[in-house]
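[1] Have a look; sequence and predicted model below, questions after that.
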Amino acid sequence: MKVAIQNNDKPVSVEVANKLRHLLENADIEINQINPDILITIGGDGTLLSGFHRYAHQLDAIRFIGVHTGRLGFYTDWREYELESLVESLKNDDGESVSYPLLDVTVIYEGDRAENNFLALNESTVQKVGGTLVSDVYIDDVHFERFRGDGICVSTPTGSTGYSKSVGGAVLHPRIEALQMSEIASINNRVYRTLSSPLVIAKDEEIIIKAINSDELLLTMDHITSRESDVKEVHLRIADESIRFARYRHLNFWDRVSESFIGEKN
Ligand code: NAD
């Protein structure tokens, strides 16, 4: 078994990473940052998102584990004081994993330029560079609506508790293989009309966004922003790839949601 470690630069995370390195060496587990079987991120959800994008071209080979050094995260199951037990689980690893859907974003450009592909673990947003986005939204080949507003957010099930939730999206259980589209500040009045509620599409469906007032768009994929010119269409669908987490123990999803967003119940 080969393990890579990625940590954020908070002193506590650096300290935890050093301790983990030491424990792995003592357990004769190889540390390999290039071709790991397991990536352990130390920090928060953002650290796991960075780790995911760094190793996104090796998803077939890698399973992920998140250690959190702050508050409970959605991708981070382990606490920094549980490193010994984490290393014990690695020693007894039988390859068990749980996998979650990812979002595939394909940008199609005007002219001859080859299309571009991105992956997102949480969500992708489509916005105009400055000003209101006006775009036609298709679900497969059905012209669904003409959208006017700040932008459109399409999230994965695990991303439904991130940005998507802040723009009014529902929380989806990660076992549901579906994508959710939410509006970011749509304009709705007697002239302009959108659905005005989030919608969830099936796993074999695709959302297509054709901006009609600009070919210059701002796309986000998780924490990554990309300014794209000459854009003809943006296609969003569930990716062929998925992310796999090493499953050494199980945290109930609704417990995590409740603990993160509601806290103490009386
Ligand atoms: P960040 O450091 O600004 O993190 C924002 C917060 O989102 C952190 O508290 C993080 O723990 C939380 N988060 C990330 N993924 C989550 C998930 N799947 N479920 C619940 N909470 C989650 O930004 P970052 O670390 O670069 O992470 C980027 C992500 O942050 C984006 O993918 C987006 O989902 C989220 N985000 C949310 C908002 C918002 O809610 N208004 C704004 C920006 C980014």
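    Perfect, thanks for sending it. Residues are numbered from 1 along each chain as shown.

[2] Would you check how far apart the residue lying farthest from the centre of the chain and the ligand are?
    Using C-alpha atoms, centre = their mean, the residue of the chain lying farthest from its centre is residue 190. It sits 35.7 Å away. Distance, residue 190 to the ligand, by C-beta to the nearest ligand atom, to the nearest Å: 30 Å. For glycine as for every other residue, the C-beta is placed from the backbone atoms N, C-alpha and C.

[3] Retrieve the pLDDT associated with that residue.
    Note on residue 190: pLDDT of 91.

[4] In the stretch 101-250 of the chain, which residue sits nearest the ligand?
    residue 162 (2.5 Å; C-beta to the nearest ligand atom).

[5] and that residue, what does it touch?
    Contact partners of residue 162, counting by C-beta atoms under 8 Å, 6 or more residues apart in numbering, are 45, 74, 122, 123, 155.

[6] Any idea how many residues pack against the second one?
    A total of 22 residues lie near residue 74 under the criterion other C-beta atoms under 10 Å.

[7] can you offset everything so residue one is 23?
    From this message on, residue numbering opens at 23, which makes the last subject residue 96.

[8] Residue 186 is in contact with that one, correct?
    No. Under the criterion of C-beta atoms under 8 Å, residue 96 makes no contact with residue 186, lying 12.0 Å away.

[9] per-residue confidence for whichever residue of the stretch 23-172 of the chain sits closest to the ligand?
    Among the residues of the stretch 23-172 of the chain, residue 68 lies closest to the ligand, at 2.2 Å counting by C-beta to the nearest ligand atom. Looking at residue 68, its pLDDT reads 97.

[10] so it sits in a strand?
    No. Residue 68: not assigned to a strand; according to DSSP: H, G, I helix; E, B strand; the rest coil it is helix.

[11] Hmm, it is touching residue 29, no?
    No. Counting by C-beta under 8 Å, residue 68 stays clear of residue 29, with 11.5 Å between them.

[12] Look at those two and report which has more neighbours.
    residue 29 (22 against 16).

[13] beta partners of that one?
    When assigned by DSSP bridges, residue 29 has beta-bridge partners residue 64.

[14] For residue 253, see how far away residue 131 is.
    Separation of residue 131 from residue 253 (C-beta to C-beta, to the nearest Å): 6 Å.

[15] Would you mind telling me which of the two has more residues around it?
    Shown here are residue 131 and residue 253; by other C-beta under 10 Å, residue 253 has more neighbours (21 against 16).

[16] mind listing what the more buried one touches?
    So residue 253 contacts 129, 130, 131, 132, 233, 237, 238, 239 (C-beta under 8 Å, 6+ apart).
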